[in-house]
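A.B. asks: Sequence and predicted model, in that order:
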Amino acid sequence: MTMMRRYCCALAGLAVLALAGFACRSAYYAAWEAVGKEKRDLLRSDVGKVQDDQRAAVETFQSALDRLRALGAVNAPELESAYDKLNGDYQRAESRAEAVRARVASIESIAADLFAEWEREAASISSADLRAKSRHKLVATKQHYGELRAKLKTAEGRMDPVLTQLRDQVLYLKHNLNAAAIGGLRAEVTNIEGDIRQLVKDTQSSIAEANAFLERFEK
């Protein structure tokens, strides 16, 4: 197969995947529209829900941090139980983080489709005055959404280094179930504390921006 033929086949494959994704999204929106839910309703709902997802993730990370701090008081015979609990905290934190990522991805997808639809519909308005007003509202909404998306992505990105450090400490404890392991972990707690504080700060900023977006979106 020539290079050009492989290139054309690759483009065709991507086109098929794109069409399949578009068909799935169209069916998804059609199902919601059948019960009276438009794209703007779905976006509003997801922006509201992502705040709950973020709060739950932060609470889980803080719980894991509390568990790490408490390791200093754990006796050698209790280390295996302590590892099991810390590993459970890590698994829950990873699950919560994935829920946030999925929600943010859903928001991005719905927002893109909503704005594309809005642009098409605004262009079809015959009244020049109403068309201009609709496009002005679209530009303002897209700007506000851009500010929200930036905060969401910042908070989302803060979770990864915390998860990495938490995973490292869980594995270290798993491989060293002895008193010396506690000393090794204690030295690392300060680093993860700083990252979690920043995660909390960015998450709170993201939640505040989500509230502001919803308030403006209603107007």
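C.D. replies: That came in fine, so what should we check first? Here the structure is a predicted model, which means the values were calculated and not measured.
A.B. asks: Excluding residues flanking it in the chain, which one is nearest the spatially most central residue of the chain?
C.D. replies: Closest residue to the average C-alpha location of the chain: R101 at 2.8 Å, with CA atoms, centre = their mean. With sequence-adjacent residues excluded and distances taken as CB to CB, 6 or more residues apart in numbering, R101 is closest to E156, at 6.1 Å. All C-beta atoms are positioned from the backbone trio N, CA, C, and that covers glycine.
A.B. asks: Contact partners for the one you found?
C.D. replies: 100-101, 104 (CB atoms under 8 Å, 6 or more residues apart in numbering).
A.B. asks: ok, now with 10 Å
C.D. replies: For E156, the contacting residues are 50, 54, 57, 97, 100-101, 103-105, 199, 202-203, 206, taking CB atoms under 10 Å, 6 or more residues apart in numbering as the criterion.
A.B. asks: and these as JSON lines, adding pLDDT?
C.D. replies: Written out in JSON lines, the entries for these read as follows (pLDDT from 0 to 100):
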{"residue": "V50", "pLDDT": "96"}
{"residue": "Q54", "pLDDT": "96"}
{"residue": "A57", "pLDDT": "95"}
{"residue": "A97", "pLDDT": "96"}
{"residue": "V100", "pLDDT": "97"}
{"residue": "R101", "pLDDT": "96"}
{"residue": "R103", "pLDDT": "96"}
{"residue": "V104", "pLDDT": "97"}
{"residue": "A105", "pLDDT": "96"}
{"residue": "L199", "pLDDT": "94"}
{"residue": "D202", "pLDDT": "96"}
{"residue": "T203", "pLDDT": "95"}
{"residue": "S206", "pLDDT": "96"}
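A.B. asks: among those, which ones are buried?
C.D. replies: Neighbour counting with 16 or more other CB atoms under 10 Å marks 50, 54, 57, 97, 100, 103-104, 199, 202-203, 206 as buried within the contacts of E156.
A.B. asks: Give the residue spans of this protein that score low on pLDDT.
C.D. replies: Within the chain, the segments meeting pLDDT under 70 span 1-23, 72, 74, 76, 178-188, 219.
A.B. asks: Just say helix, strand or coil for V35.
C.D. replies: Per DSSP: H, G, I helix; E, B strand; the rest coil, the local secondary structure of V35 is coil.
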